[in-house]
Structure formats: structure tokens, C-alpha cells
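Colleague: What shape does this take:
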Amino acid sequence: MKNEFLTPAEAAERIRAGAVMTIAGDEALMAQLPQGNWIGGSTVYFMTDAGGKVDRERLFCSTLPEGSTATARHLDVAGLSGLADGYAAGGITLIIIPAFSQAHARFAEDGATYPRLFDQPLLGWISGVHLDDIGTVAPSVFDGATGTRHHEGAVLLHVALPEGTQPRLDIVNLFSQGDDPAQTVTFPEGGFAVKKAVINGAEVDFADYVTQHGFDTRLPLVADYAGANINVSFRAVDPVAHEVQFYAPVFPGVEYRLAAPQGDYVANFAAQAGTGGERMLSCNCILNFLYGELEGRSTGGFTGPVTFGEVAYVLLNQTLVKLDVAA
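Modeller: Predicted coordinates:
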């Protein structure tokens, strides 16, 4: 795996040479690229060798190992459940979905039920825009096979890896469940927005409860799925509308607990992430970038796009996803 921060001209040269790539950057730059074996998603936030940064002039490009072959395609919302139909034997699939789209919602809520979804490593991210542009600029994805930009659906890159290559997909989640039982929550109804929650056996107005009990909404809700901590991040709390919005859906019957507070993000990340990030494909969440104050700070070799959600089979929040494809 080769990770590079390139100009559009340099990225175009790689594409024309036949490289199999994922690309992240400002959509105006990706619109300049030629057709080829790549998919892309919009963002202007990155983790680089020099630390986190905002950049509208270059593209973050991850090139799969030499000898890889790939098929890029776009799926509309109705076709998402068939994403595994393109799986290449012994390979991996990369997926990018625009933030705040119907596809984002459908994949988040239904993705785990898609046939054969877990048959091979599936990873990717949710594309975004500069935070100042939310609501005025739509996040985009690019199907490199046709050079087409989309604001809806998903783009996928089905990759057949060279013989002998062993893909290893993993996540780094700094958060664990806190130990305060007053912050243990279930929901009678699921979705990206809720009004009611059940705490200590009583149904409450969740927006009021979060406000009155001083929840630090920079911390996610964390659910324990068979030993794996999965985050749901707060987007907004509106006591007037009696509604709490999230960046991923909550599900009825699942027990959530507010995450334990974090100390030094970079130090904790280094302790958990391990080494070898320079050879892996990775993406990290915009909320980690913001709340961890990562602009100008390095995370130990893990470089890549800063995204509005991460995919490791299912949608994740406040998580780093990493893929190693070493032989």
C-alpha cells in the first residue's frame, strides 16, 4: 500500500499508469481526474505525515499493491443491498457514501442485513465537506470508471489482490463504556434522531435528560457488541424540539452507555493503534479531528482522509479504520 498527498496532475499520472486507487479531496480537484481504476470521496480534512490539516489543493491517494485488479461501480440507493454481488474472490471491497444522503441512512440502518456482506473485508468512509459548507455544498463521491460525480448512492471498488496477499481489517476505537449507571440508555425506537429513551427503567425526554445531567456530547454513546465497542456520536441536542440527533442510528433493545472521558487523544491513540500505519489504508473521523484537536498533530504514521463516518462492514463513528494488505 502506498499513501501519498498528490497534486491533481500527479494523481492523474498514477491513474493513467493503471494504478488501483482510492482518492480523497476537494470535489473540484477530483473532477479533473481521468477515468481509471479508482473511486473517490470529497473531504478537505486529512491526517498527513505532518499532522492533521485542511487542504483544498492536493488529493490524498492510496494505491493498492502492484498486481491488484479492480472494478469500480456506482450503486443507487435501491441497489445497495446487492453490493456483495461484485465481491472478487479472495479480495476486498472499498465503499464511499456521501454524508447526509439517503444511501448514508439506508446503509447505516440496514447494511448489516445485506446478503453476504461479511464474506470479505468491506471498508470505506462517508464523504463530507468543509464544516462551513454543510447545508450549502453536498458531499460527493466519484466513480472513476466513468469519471462521474454523484451526490447519492455509493461508489464501490471491488479489488482482487495479488496471490499471497492477506488483507487484515481492523479498527481503533479509543472509547469504552463509562461506569455511571445513570448514563446507561436504551431506546424504544431507533434511528438517527430520537425523542424518548429509557433510563433506570423509566421513559424520559432524552433531550431534557442529556441537558439536565450534563452529558458531554463530545463523547459518544457506546454499545458492546460481543466485546466490540461501537460508537454512536451526538450531532445535536434540541430541548425545544425535544429531539437528539446522532451521526449514526441507534437501535431498539441495545444498551448504550456514555463513553468514559478521554485524556490525551494522541497519547491514547499511539498506545492503541500500534505501528505500521504508513503502509495501511486508513481513515479517521472528523469528530476525532475536532475534539482531539489533531490539526498539526501526528497520530503515529496513520495517514488518510478525515471523514464523516467510517465503514468496517457497518457504519462507525469516532473510529479509525485501518487495512493492512501486506503479504
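
Colleague: Low-confidence regions, the stretch 1-150 of the chain specifically.
Modeller: Along the stretch 1-150 of the chain, the model assigns pLDDT under 70 to no residue.

Colleague: For it, which segments are assigned as strands?
Modeller: Along the stretch 1-150 of the chain, counting by DSSP state E, counting those that start in this stretch, strands occupy 2-6, 21-25, 38-42, 45-48, 51-54, 59-63, 69-75, 92-98, 122-127, 141-143, 148-150.

Colleague: now do the stretch 151-300 of the chain
Modeller: 154-160, 168-172, 184-185, 191-194, 196-199, 202-205, 221-225, 228-232, 234-238, 243-250, 256-258, 281-285.

Colleague: tell me the most buried of these?
Modeller: Comparing these by mean neighbour count (mean count of other C-beta atoms under 10 Å), strand 281-285 ranks first with a mean of 29. For the C-beta atoms, the positions are set from N, CA and C on the backbone; glycine is no exception.

Colleague: For that strand, which helices and strands make contact with it?
Modeller: If you count contacts as 3 or more C-beta pairs under 8 Å, 6 or more residues apart in numbering; DSSP states H and E, strand 281-285 packs onto strand 122-127, strand 304-307, strand 310-312, strand 320-324.

Colleague: and that strand, which strands flank it?
Modeller: Counting by DSSP bridges, the strands paired with strand 281-285 are strand 304-307 (parallel), strand 320-324 (antiparallel).

Colleague: G40: which of those strands is closest?
Modeller: If you check each of those against G40 by C-beta to C-beta, strand 304-307 wins as the nearest, at 9.7 Å.

Colleague: what distance separates the closest one from the centre of its chain?
Modeller: 8 Å (C-alpha atoms, centre = their mean, to the nearest Å).

Colleague: would you turn the strands of the stretch 1-150 of the chain into JSON lines with distance to H158?
Modeller: Converted to JSON lines, those look like this (distance: least, C-beta to C-beta, whole Å):
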{"stretch": "strand 2-6", "distance to H158": "20"}
{"stretch": "strand 21-25", "distance to H158": "12"}
{"stretch": "strand 38-42", "distance to H158": "10"}
{"stretch": "strand 45-48", "distance to H158": "25"}
{"stretch": "strand 51-54", "distance to H158": "31"}
{"stretch": "strand 59-63", "distance to H158": "16"}
{"stretch": "strand 69-75", "distance to H158": "5"}
{"stretch": "strand 92-98", "distance to H158": "5"}
{"stretch": "strand 122-127", "distance to H158": "10"}
{"stretch": "strand 141-143", "distance to H158": "12"}
{"stretch": "strand 148-150", "distance to H158": "17"}
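
Colleague: Can you tell me which of those is most buried?
Modeller: Across these, averaging neighbours per residue (mean count of other C-beta under 10 Å) puts strand 38-42 on top, at a mean of 30.
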